[in-house]
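Student: attaching a predicted model along with its sequence, questions to come.
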Amino acid sequence: MQNSRSLEQLLAARVRNDADLADLAQERIDVYVIDRLSAQGLKADELAFIIPRRTLTHRRQQHERLSTEESDRAIRLARIIAQANTAFGSAEKAMRWLRNPQTRFTGRNALEMASLLASGDLVRVLQDVETAPLDIFLVHSKRIGPSAKLLRDFLLATARDDH
């Protein structure tokens with residue numbers, strides 16, 4: 001699966017399932033994940049919700065890993081980027097789509113919305129050849145909240161427009 005390889009490259013770790021991602025967050029990932037996300041085209045201000053720049057500089061100097069919470073945010077963003085890259089076929093097209101402001105988000109884009117979602121929300125972009133070229137939905141630990149529904153609706157509408 002291309003998306004899995006892409007996620008593994010971004011996280012520099014083997015990812016077979018969600019349990020692997022949870023373990024990875026608990027083990028705290030290295031700060032170089034920020035560099036790998038940046039190489040995908042993310043700007044410093046788009047990465048700041050993971051870890052403030054000053055804290056990142058300190059962690060680099062002290063050779064420290066991200067905290068568990070920062071690791072969780074980095075994993076979520078890496079997952080979104082990997083899935084968007086797979087869905088749209090290129091990092092450029094994925095980043096353009098993720099940055100496109102939407103009126104339904106009061107001018108915010110999908111990256112901003114992703115940073116605002118509760119930590120239990122994960123954006124999942126799945127390709128299902130038999131049922132549709134692209135299905136996008138949100139997975140939440142207990143229920144999908146209003147902001148997650150809004151993001152899901154946006155992702156579905158945008159994917160249909162692009163395919």
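Tutor: That came through, no problem.
Student: buried ones in the longest helix along the chain?
Tutor: The helix spanning the most residues in the chain, taking DSSP state H as the definition, is helix 68-88. When neighbours are counted by 16 or more other C-beta atoms under 10 Å, the buried residues of helix 68-88 are found to be 70-88. Every C-beta, even on glycine, is put in place using the N, C-alpha and C of the backbone.
Student: please apply the same query to stretch 89-106.
Tutor: 91, 94-95, 97-98, 102, 105.
Student: in helices, which of those fall?
Tutor: Members of those lying in helices (criterion: DSSP H): 91, 94-95, 97-98.
Student: min pLDDT across those, which one?
Tutor: By predicted confidence, those are weakest at Trp97, whose pLDDT stands at 85.
Student: run a quick check on it versus Ala91, I expect a contact.
Tutor: No. Applying C-beta atoms under 8 Å, one finds Trp97 not in contact with Ala91, separated by 10.7 Å.
Student: name the helices or strands packed onto the longest helix of the chain?
Tutor: Helices and strands in packing contact with helix 68-88 are listed as helix 2-11, helix 18-27, helix 32-39, helix 91-99, helix 110-116, strand 122-128; criterion 3 or more C-beta pairs under 8 Å, 6 or more residues apart in numbering; DSSP states H and E.
Student: I'm done for today, thanks for sticking with me.
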